[in-house]
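In: Model the following, please.
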Amino acid sequence: MVILFWLSIGIILYVYAGYPLLVTLLARLRSRERPLPPYTPTLTLLIAAYNEEAVIAAKLENSLTLDYPANLRQILVTADGSSDATPDIVRQFASQGVELNYTPQRQGKMAAINRAMPLVRGEIVVFSDANNLYDTQALRELVKPFAETAVAAVSGAKTIVKDGSSLGHSEGLYWRYESFIKKQETRLGNCTGVAGEILALRRSLFETPPDNIINDDFYMAMRLIKRGYRVVYAPKARSYEYVSASAEDEVIRRSRIVAGRYQAMGLVRQLLPWKRPLAAWQMISHKFLRPLVPLAMIMAILTNILIVSQNRPEIYTILLGIQIFFYLLAALGQWWKRGGLIGKLLYLPTFLVGSNWAALVGLARFLTKRQTTLWQRAKRRPQDTSLAQAMTEEKRQL
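Out: Numbering: from 1, shown residues only. Purely as a prediction, here's the structure:
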């Protein structure tokens, strides 16, 4: 029982602190990468859209203002099964060079991308969503690493715009934590986490994922590493978006991702680069162990209770008290509505517990095969200001 307890604690600590520390120390042993020469390839911005009439116009206006030569840039929207005015709004931008690939039948995001790929003309294809906006220099920052021929894909940075909510604050902290890890991984050779809303790859290396793949962006990136190429992180290529409308909507979004992660675990032969042990270690530590954390959390408190009931040393009673206090803080953070610094601090354990609850939901959806590949757009919190205005303010504070 004691062994199970400490094994559970070890998994939790390794995933959240041990691996980031180890990857940082190893990255410092590597020489810094040399500056890359200027590189401006032809590029296609491929935007997947499903029922996005509320945001697609702003997305296209943002895309048209990005700093990249117009004669080298193609903007292509692939609209899949939209039942609203999304296709009609996109057609209004045709005179500005925006292209539309549309079918009324809904088959899922990856099917829409596969259908659009033969229309892609750029050497580099940038996959994007409709509900995020790019920083002006995002495309230039994304293509810079491609000057190195070994680089096959580049992920930009996902930035959560501050909206004053505790959820937005916690989500923003999480993505800054992820950004730090990705920077260290890139210095080691490969980044194992990619953001599907700002992901660039060489068109010549595009490999269509199987139809049943849930996390297509993760699958594509890991396959490239498996094939011997590099996947890197470009932190200055920033994508901005608001947080989900509620904690419940965030659980739905994360559970889909985790269901896809469990699916990927079953595809280790296709995804893990066994001939590149450093990259395999990174992938296992960063992506395959993290969905196991909620199981370790459950095991930790159950074994701790059993150990205390057996009159073991007092340290186990103290550790049980710490665990109970943590979950009480998470419960309090869920109901605290006053906001402010106290509210944001209280919400951190709530966010952590909620994220791991989403992982359990994702596991259940995977095991029961209820998670489909169809893309369910997450609801976003209604805002007093437009995303473009909020993005401008966020950039000013950087």
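
In: Would you mind confirming that Leu160 is in contact with Glu178?
Out: You called it Leu, but residue 160 is Ile. No: counting by Cβ atoms under 8 Å, Ile160 does not reach Glu178; the two are 10.9 Å apart. For every residue, glycine as well, the C-beta is placed using N, CA and C.

In: Compare those two and say which is more crowded by neighbours.
Out: Ile160 (21 against 17; other Cβ atoms under 10 Å).

In: Ala48 versus the more buried one, what's the distance?
Out: Distance of Ile160 to Ala48, given as Cβ to Cβ, to the nearest Å: 20 Å.

In: what do you get for Leu76?
Out: 10 Å.

In: cool, and Phe325?
Out: Taken as Cβ to Cβ, the span from Phe325 to Ala48 is 44 Å.

In: for Val125, same thing?
Out: To Ala48, Val125 is 12 Å away according to Cβ to Cβ.

In: Just the pLDDT at Leu374, thanks.
Out: Looking at Leu374, its pLDDT stands at 55.

In: One more: Gln389?
Out: So Gln389 comes in at 66 (pLDDT).

In: Which one's more surrounded, Phe325 and Ala48?
Out: Ala48 (22 against 11).

In: Touching, the more buried one and Ala111? I think so.
Out: No: contact criterion Cβ under 8 Å: Ala48 and Ala111 do not qualify, at 10.1 Å.

In: So which other helices or strands are in contact with the strand ranked longest in the chain?
Out: Ranked by residue count, the top strand of the chain under DSSP state E comes out as strand 230-241. Applying 3 or more Cβ pairs under 8 Å, 6 or more residues apart in numbering; DSSP states H and E, we find strand 230-241 packed against strand 133-134, helix 138-143, strand 151-160, helix 166-188, strand 198-202, helix 216-226, helix 387-397.

In: and the next element down the chain from that strand?
Out: Once strand 230-241 ends, the next helix or strand along the chain (criterion: DSSP states H and E) is helix 247-265.

In: Buried by neighbour count: which residues of that following helix qualify?
Out: Burial within helix 247-265, assessed by neighbour count using 16 or more other Cβ atoms under 10 Å, is assigned to 247, 249-252, 254-265.

In: now stretch 76-96
Out: Buried residues in stretch 76-96 (16+ other Cβ under 10 Å): 76-82, 85-87, 89-90, 93.

In: what do you get for stretch 314-325?
Out: Tyr316, Leu319, Leu320, Gln323.

In: Give me the distance between the longest strand of the chain and the centre of its chain.
Out: 11 Å (Cα atoms, centre = their mean, to the nearest Å).

In: Partner strands of it and their direction?
Out: Sheet pairing of strand 230-241 (DSSP bridges) gives strand 133-134 (antiparallel), strand 151-160 (parallel).

In: Can you find the helix or strand in the protein with the smallest mean pLDDT?
Out: The weakest-scoring helix or strand in the chain, judged by mean pLDDT, DSSP states H and E, is helix 387-397 (a mean of 61).

In: farthest pair in the buried residues of stretch 314-325?
Out: Tyr316 and Gln323 (10.6 Å; Cβ to Cβ).

In: who touches both of those two?
Out: Asn304 (Cβ atoms under 8 Å, 6 or more residues apart in numbering).

In: Against Val55, how distant is the closest residue to Leu139 other than its chain neighbours?
Out: Excluding its sequence neighbours, the residue lying closest to Leu139 (Cβ to Cβ, 6 or more residues apart in numbering) is Tyr68, at 4.4 Å. Tyr68 sits at a distance of 21 Å from Val55 (criterion: Cβ to Cβ).

In: so where do the strands sit in the stretch 251-398 of the chain?
Out: Remark: no strands are assigned in the stretch 251-398 of the chain by DSSP state E, counting those that start in this stretch.

In: Flag the shaky bits of it, pLDDT-wise.
Out: Applying pLDDT under 70 to the stretch 251-398 of the chain flags the ranges 336-346, 370-398.

In: where along it do the helices fall?
Out: 268-271, 277-283, 293-309, 314-335, 340-367, 387-397 (DSSP state H, counting those that start in this stretch).

In: How about the contacts made by the residue at minimal distance from the centre of the chain?
Out: For the chain, the residue nearest the mean C-alpha position is Ala195 (4.2 Å; Cα atoms, centre = their mean). Applying Cβ under 8 Å, 6+ apart to Ala195 gives the contacts Ser155, Gly156, Ala157, Lys158, Asp217, Ser239.

In: ok, 6 Å please
Out: Ala195 makes contacts with Ser155, Lys158, as judged by Cβ atoms under 6 Å, 6 or more residues apart in numbering.

In: Need the three-state assignment for it.
Out: coil (DSSP: H, G, I helix; E, B strand; the rest coil).
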